[in-house]
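using only what follows, build the 3D model:
(chains A and B)
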Protein chains: 2
Amino acid sequence: MTSLSKNRIKYIHSLELKKNRREEKVFLAEGPKLVGDLLERFPCRLLAATAGWLNQHPVVSADEVIEVTPDELSRASLLKAPQQVLAVFSQPEYTVDYAKIRESLCLALDDVQDPGNLGTIIRLADWFGIEHIFCSPNTVDVYNPKTVQATMGGIARVKVHYTPLPDLIRSLGDIPVYGTFLDGQNMYGQQLSANGLIVMGNEGNGIGDEVGRLINRRLYIPNYPQERETSESLNVAIATAVVCAEFRRQAASL
Amino acid sequence: MTSLSKNRIKYIHSLELKKNRREEKVFLAEGPKLVGDLLERFPCRLLAATAGWLNQHPVVSADEVIEVTPDELSRASLLKAPQQVLAVFSQPEYTVDYAKIRESLCLALDDVQDPGNLGTIIRLADWFGIEHIFCSPNTVDVYNPKTVQATMGGIARVKVHYTPLPDLIRSLGDIPVYGTFLDGQNMYGQQLSANGLIVMGNEGNGIGDEVGRLINRRLYIPNYPQERETSESLNVAIATAVVCAEFRRQAASL
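Reported below is the predicted structural model:
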């Protein structure tokens, strides 16, 4: 074991920037739950943990393991309240089996901008058994530390891909492509399929025009009571959850 | 019109702290949508806006209105991307009609800690027509600027109260009190009432023991597929949304 040098702390902090994460093909994760989930799946380059955490994990598979004092951990951490362990993991490379995608329920995100929203969507996709999320190239980076933390481990199981959504939708051919719109059909009156793509849009502007034209099932999440005239809206992660829950309720015939 | 003095900027920044907001009984809100919604309901003490916003709003009811340059607005704003207008409003004082509460569907939050989560819950309560949210005294402050921003205007319509939840539940008498638990009943198999209290817990620890003992309808949000052994969980705002959506689906007989 070595100690946490200034250079290593600088390296860890540098991973706040996408440019540096991309060059090194790595990302940072913090806390016992998240790091524990990731250690099961992804190669770990560097792990820094307190003696307490290391005692509970006598065998750690990482290129480098460093025992740190709580004070050293604070200096390295990007969190307000550092949590025993942080680690740098290799970014995974996924291949996509389009035949399987056509038969499963997947999410597509059209320019979601907030790192917390993306992380929360990955976490709920994990809950609802959605294995693949396709992001437009302008969607926030999945390896943004705020996104990684918000997944609460979901990033270890849900596969996130970046690809132009119009090309993806065209290449998937004749499958149901859902999106939510204010003038869509009340989703509770629809028979929702067990497969297909659910497209969710940008926080401010919703689904872009080009992607919008490729959506063949326009849904609406009803507010309550419906006759009300309102100025409210739903956060994109909240809307995603309500839609996914309804797909899964119908699939389980509940 | 006066200009935005250093003292006023200092005053605006001081409202990041609960202590100062409480002393002055005010809170800060930013952006055209949020400030617009709040101006309809709450007394405005101070409003600072660009010439563009002021031209579109020739009549503004506020104790003090200041025209600012985009640069001055940036210095006063707590946001990364300031948005034309910011304003300081009086904190409202609500009286609670318990007879009405007993007949409506309300939320109770047991020590929710994250300002963004509370704001998102207020926003979704607004969507689902839930007028009252009762917060335990240790729940994050509703006037935290991050909470206010995340409500997207919901704070102008949803009434948030701070009160010890056990006392509240006891004083409401014999009404349905719901909570979500890993060992609860699948909520899709339950007939959910049109009135009652839905209790949601702390991000890390869920619902506390004392409040937990007062819950008479224990629900479970099923994951998918259900037989899976998982390490995932749902964010508290996401869980709140999925539960509220199901209450409202059943109430509208959808």
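
in chain A, which spans are strands?
With DSSP state E, the ranges of strands along chain A come out as A:26-30, A:44-49, A:64-67, A:85-90, A:105-109, A:132-135, A:159-162, A:177-186, A:196-200, A:217-220.

list the helices and strands the first one packs on?
Other elements packing on strand A:26-30 under the criterion 3 or more C-beta pairs under 8 Å, 6 or more residues apart in numbering or on different chains; DSSP states H and E are strand A:85-90, helix A:145-150. Yep, even glycine has a C-beta here, placed from its N, CA and C like the rest.

then it to PDB, C-alphas only?
The C-alpha trace of strand A:26-30 is given here as PDB (Å, rounded to 0.1, in the frame of the first residue of the first chain):
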ATOM      1  CA  VAL A  26     -12.300   6.000 -16.400                       C
ATOM      2  CA  PHE A  27     -14.800   7.400 -14.000                       C
ATOM      3  CA  LEU A  28     -15.000   8.100 -10.200                       C
ATOM      4  CA  ALA A  29     -17.400   6.500  -7.800                       C
ATOM      5  CA  GLU A  30     -17.800   7.100  -4.000                       C
END
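
and it, what's its mean pLDDT?
Mean per-residue pLDDT for strand A:26-30: 98.

can you redo the helices and strands packed on strand A:26-30 as CSV with mean pLDDT?
Output for the helices and strands packed on strand A:26-30, formatted as CSV (pLDDT from 0 to 100):
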stretch, mean pLDDT
strand A:85-90, 98
helix A:145-150, 97
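
among these, which comes closest to chain B?
The closest of those to chain B is helix A:145-150. By C-beta to the nearest C-beta, the value is 7.7 Å.

what helices or strands is that closest one leaning on?
With contacts taken as 3+ C-beta pairs under 8 Å, 6+ apart, helix A:145-150 sits against strand A:26-30, helix A:115-127.

rewinding a little: and of the strands of chain A, who's closest to B:E24?
Shortest separation from B:E24 across the strands of chain A is recorded for strand A:26-30, at 36.4 Å, computed as C-beta to C-beta.

now the angle between strand A:85-90 and that closest one, please.
Here strand A:26-30 points in a direction 160 degrees away from that of strand A:85-90 (axes from the mean of the first three to the mean of the last three C-alpha atoms, to 10 degrees).

ok and strand A:26-30 relative to strand A:44-49, angle-wise?
Orientation check (the same axes, to 10 degrees): strand A:26-30 against strand A:44-49 gives 20 degrees.

contacts for strand A:26-30, please.
Strand A:26-30 has contacts (C-beta atoms under 8 Å, 6 or more residues apart in numbering or on different chains) with A:12, A:15, A:21, A:35, A:38, A:45, A:77-79, A:82-83, A:85-91, A:143, A:145, A:148-149, A:155.

B:S171 is nearest to which of the strands of chain A?
Once these are compared by C-beta to C-beta, strand A:177-186 is nearest, at 37.4 Å.

please see if the closest one touches chain B.
Yes - judged by C-beta under 8 Å from any C-beta of the partner chain, strand A:177-186 and chain B are in contact via A:N186.

for that strand, packing partners?
Contacts defined by 3+ C-beta pairs under 8 Å, 6+ apart place strand A:177-186 against strand A:196-200, helix A:209-212, strand A:217-220, helix A:236-251.

and for that strand, what are the contacting residues?
If you take C-beta under 8 Å, 6+ apart as the criterion, strand A:177-186 is touched by A:169, A:187, A:192, A:196-201, A:206-207, A:211-212, A:214-222, A:239, A:243, B:254.

for ChimeraX, what selects the buried ones among these?
Burial among the contacts of strand A:177-186 is assessed by 16 or more other C-beta atoms under 10 Å in any protein chain shown; the matching ChimeraX selection reads:
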select /A:169,187,192,196,197,198,199,200,201,206,207,211,214,215,217,218,219,220,221,222,239,243
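
that older thread, now the helices and strands packed on helix A:145-150 as CSV including distance to A:A51?
Supplementary listing: these in CSV, determined by distance: least, C-beta to C-beta, whole Å:
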stretch, distance to A:A51
strand A:26-30, 17
helix A:115-127, 29
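
tell me how many other residues surround the closest residue to A:L124 other than its chain neighbours.
Leaving aside its sequence neighbours, A:L124 sits nearest to A:A241 (C-beta to C-beta, 6 or more residues apart in numbering or on different chains; 4.9 Å). Counted by other C-beta atoms under 10 Å in any protein chain shown, the residues lying close to A:A241 total 30.

the helices and strands packed on strand A:26-30: which one's closest to A:P115?
Closest to A:P115 of the helices and strands packed on strand A:26-30, according to C-beta to C-beta: helix A:145-150, at 3.8 Å.

in that closest one, what counts as buried?
The neighbour-count check on helix A:145-150 (16+ other C-beta under 10 Å) flags A:145-150 as buried.

low pLDDT regions in chain A?
Within chain A, the stretches with pLDDT under 70 are A:1-2, A:228-231, A:254.

save the helices and strands packed on helix A:145-150 as a markdown table, and put in mean neighbour count too.
Shown next, in a markdown table, are the helices and strands packed on helix A:145-150 (neighbours: other C-beta atoms under 10 Å in any protein chain shown):
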| stretch | mean neighbour count |
| --- | --- |
| strand A:26-30 | 25 |
| helix A:115-127 | 26 |
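
nearest to A:F247, out of the ones you listed?
Nearest of those to A:F247, taken as C-beta to C-beta: helix A:115-127 at 11.5 Å.

OK, contacts around the residue nearest to A:L124?
A:124, B:234, B:238, B:241-242.

the same query, at a cut-off of 7 Å, please.
A:A241 is in contact with A:124, B:238, B:241-242, counting by C-beta atoms under 7 Å, 6 or more residues apart in numbering or on different chains.

looking at these, which two lie furthest apart in space?
The largest separation in those, counting by C-beta to C-beta, is between A:L124 and B:A241 at 9.6 Å.

count of neighbours near whichever residue of the stretch 51-200 of chain A sits closest to chain B?
Nearest residue of the stretch 51-200 of chain A to chain B: A:Y188, at 3.5 Å (C-beta to the nearest C-beta). Counted with other C-beta under 10 Å, residues neighbouring A:Y188 total 20.

would you confirm that A:A76 contacts A:L46?
No - the pair A:A76 / A:L46 is not scored as a contact, 10.1 Å apart, by C-beta atoms under 7 Å.

burial of A:R21, as a residue count?
A:R21 has 20 neighbours, counted by other C-beta under 10 Å.

again but with A:R248, I slipped
Count around A:R248 with other C-beta under 10 Å applied: 24.

contact partners for the most centrally placed residue in chain A?
Nearest residue to the geometric centre of chain A (C-alpha atoms, centre = their mean): A:I122, 3.2 Å. Shown in contact with A:I122 (C-beta under 7 Å, 6+ apart): A:133, A:151, A:154-155, A:158, A:160.

what's the answer for A:V158, then?
A:122, A:125-126, A:130-131, A:133.

near chain B, which residues of the stretch 101-250 of chain A are found?
Contacts of the stretch 101-250 of chain A with chain B, taken as C-beta under 7 Å from any C-beta of the partner chain, map to A:116, A:120, A:123-124, A:126-129, A:152-154, A:186, A:188-189, A:222-226, A:228, A:231-235, A:237-238, A:241-242, A:245, A:248-249.

if we can go back for a sec, pipe the helices and strands packed on strand A:177-186 into CSV and attach distance to B:Y178 per row.
Shown next, in CSV, are the helices and strands packed on strand A:177-186 (distance: least, C-beta to C-beta, whole Å):
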stretch, distance to B:Y178
strand A:196-200, 28
helix A:209-212, 37
strand A:217-220, 26
helix A:236-251, 16
